[in-house]
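In: below are the sequence and a predicted model for it; my questions follow.
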Amino acid sequence: GETIIEALGHLVLTARGALPVPELDADNRPKFLYGPKVHEICPRAGYFAGGKYSSEFGEPYCMGMLGCKGIITHCQVPKRGFVEGAGGCTTVGGICIGCTEPEFPDEPYSPFLQKAPAGAYASEAMEDMVAKIKAVISRMSSRKI
């Protein structure tokens, strides 16, 4: 609903010259709507960073081991909600099933309760490690000895 209206509104304003042409992702979707991964803006992301995973539904930790596909899904629902800021799979305690991705409902988004591919977790760990190294280098280069 809201995402379609926002995309169409942006298109009209772009055609009238009021807004720049939006940057698109690899699937030709506007990045301002499909930029971040669910995993990056999930209310449970801190638990992922701390290595705490739910082993059953109802626990407050990262749901990655229960089938959440947020680590491979680009969507802003956890931040924006479904309608007028309300709702969102991970916001209300459910798992992300990847419904905004072009491949949905095919693999790797199905079966729904199967963990996302291991490569996604390895990639996330590498990105985290690189970010930490960059932060340390930045801190070291800004110090005066």
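Out: Yep, that arrived.
In: endpoints of stretch 60-69, how far apart?
Out: One end of stretch 60-69 to the other measures 17 Å (Cα to Cα, to the nearest Å).
In: nope, stretch 59-74 is what I meant
Out: Chord length of stretch 59-74, first to last residue, is 24 Å (Cα to Cα).
In: could you list the buried residues of it?
Out: 61-64, 66-74 (16 or more other Cβ atoms under 10 Å). Glycine gets a C-beta too; all of them are placed from N, C-alpha and C.
In: go on, stretch 72-86?
Out: I72, T73, H74, C75, Q76, V77, P78, R80.
In: what's that stretch in contact with?
Out: Contacts with stretch 72-86, where a contact means Cβ atoms under 8 Å, 6 or more residues apart in numbering, come from 1-2, 25, 29, 33-39, 41-43, 70, 87-91, 96, 98, 100-101, 108-109, 116-117, 120.
In: list buried residues within the residues you listed.
Out: For those, a neighbour count by 16+ other Cβ under 10 Å gives the buried set as 29, 33-34, 37-39, 41-42, 70, 88-91, 96, 98, 100-101, 108-109, 116, 120.
In: for the protein, which helix extends over the most residues?
Out: Identified as the longest helix of the chain according to DSSP state H is helix 118-142.
In: so which residues make contact with it?
Out: By Cβ under 8 Å, 6+ apart, the surrounding residues in contact with helix 118-142 are H39, A49, G64, I71, I72.
In: greatest separation within the residues you listed: which pair is it?
Out: Longest distance between any two of those is 17.2 Å, between A49 and I72; criterion Cβ to Cβ.
In: just checking, K31 touches P22?
Out: Yes - here K31 reaches P22: they are 6.8 Å apart, a contact under Cβ atoms under 8 Å.
In: show me the contacts of stretch 72-86 that map onto helices.
Out: Reading helices off these with DSSP H, I get E2, L33, Y34, V38, H39, I41, A120.
In: quick revisit: I'd like the contacts of helix 118-142 as JSON lines, with distance to K134 and pLDDT appended.
Out: What follows is the contacts of helix 118-142, written out as JSON lines (distance: Cβ to Cβ, whole Å; pLDDT from 0 to 100):
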{"residue": "H39", "distance to K134": "20", "pLDDT": "87"}
{"residue": "A49", "distance to K134": "16", "pLDDT": "82"}
{"residue": "G64", "distance to K134": "25", "pLDDT": "87"}
{"residue": "I71", "distance to K134": "21", "pLDDT": "87"}
{"residue": "I72", "distance to K134": "23", "pLDDT": "87"}
